[in-house]
Structures are given as structure tokens and as C-alpha cells.
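Participant: Quick one: sequence plus predicted model below, questions after.
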Amino acid sequence: MLADESALLEISAISISEIAVKRARGKLDFSRADVEQGIADLRVRVLPYAAEHSFRLFELPLHHTDPFDRQIIAQAMAEDIPVVTSDRIFGAYQGLKIIW
């Protein structure tokens, strides 16, 4: 999919926040510059996280307890876009489109 130049690739601003938090905790070794360069190299659009996405959390069942993942699920459902993940718990959300 990354090689398909006609595909619109997006990353949630929430994912960038999660990378930053994991870096601060020593779980990842990506700098801000690394993440910015990766986004530029892959020609990925950063999808802003908005209040509409947060309000979706009120309707979201508690299948997943990770707050970052819940925000990504709510955002994807609000925007009607698929999520690329290997996390099986995402499949519990009816109507969420998953690629992987």
C-alpha cells in the first residue's frame, strides 16, 4: 500500500503523540526529526485530532483500554477511514474498517 502512489496515506496526530510519549519512556528511539522525516519521505498527511473525534469517545464501547488506541478508533470512525493495525482488539468495534 505504501508503494501505491494513488493511495492517500494519513497518520493521526494522536499517533505522533504516542510516539513522543513512548520515546520519553525509553520504549522508542525516534527523535522529532526522525518522525518528521518519515512523514515527509512517505508523503503522509497528518490528520488533526478535533473535538468531533473526542465526542465519539462517549459512544465507543470499552473493548480497548489504551487511550491512544481509543482516540485513533474514534477518529477513524468519525472520518470513515480505515485503520492499519495488527491489534486484534480493533476488530471488536463494529463499523471500523481495518487493513492488515
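Facilitator: Right, received. Where do you want to start? Residues are numbered from 1 along each chain as shown.

Participant: When you work out contacts or count neighbours from here on, use the C-alpha atoms and nothing else.
Facilitator: OK.

Participant: so who does residue 27 touch?
Facilitator: Residues counted as contacts of residue 27 (C-alpha atoms under 8 Å, 6 or more residues apart in numbering): none.

Participant: mind running it again at 10 Å?
Facilitator: 19, 20, 21 (C-alpha atoms under 10 Å, 6 or more residues apart in numbering).

Participant: Let me know the pLDDT of it.
Facilitator: Looking at residue 27, its pLDDT is 97.

Participant: for the one 3 residues further on, same thing?
Facilitator: The per-residue pLDDT reported for residue 30 equals 95.

Participant: Can you report how many residues lie near it?
Facilitator: Residue 30: 15 surrounding residues under other C-alpha atoms under 10 Å.

Participant: Any figure for the gap between it and residue 84?
Facilitator: Between residue 30 and residue 84 the computed distance is 20 Å (C-alpha to C-alpha, to the nearest Å).

Participant: filter the contacts of residue 27 to the buried ones?
Facilitator: Using 16 or more other C-alpha atoms under 10 Å as the burial test, the contacts of residue 27 include 19, 20 as buried.

Participant: In strands, which of the contacts of residue 27 appear?
Facilitator: Taking DSSP state E, every one of these sits outside strands.

Participant: from the contacts of residue 27, which is closest to residue 89?
Facilitator: Of all the contacts of residue 27, residue 89 sits closest to residue 19, with 20.0 Å by C-alpha to C-alpha.

Participant: just the helices in this protein please.
Facilitator: Ranges of helices in the chain, per DSSP state H, are 13-24, 32-41, 51-56, 67-79.

Participant: right, so of the ones you listed, which gets closest to residue 7?
Facilitator: Nearest to residue 7, of these and by C-alpha to C-alpha, is helix 32-41 at 14.5 Å.

Participant: in the closest one, what's buried?
Facilitator: Those would be residue 39, for helix 32-41 by 16+ other C-alpha under 10 Å.

Participant: Residue 97 contacts residue 78, doesn't it?
Facilitator: No. If you go by C-alpha atoms under 10 Å, residue 97 and residue 78 don't touch, sitting 11.6 Å apart.
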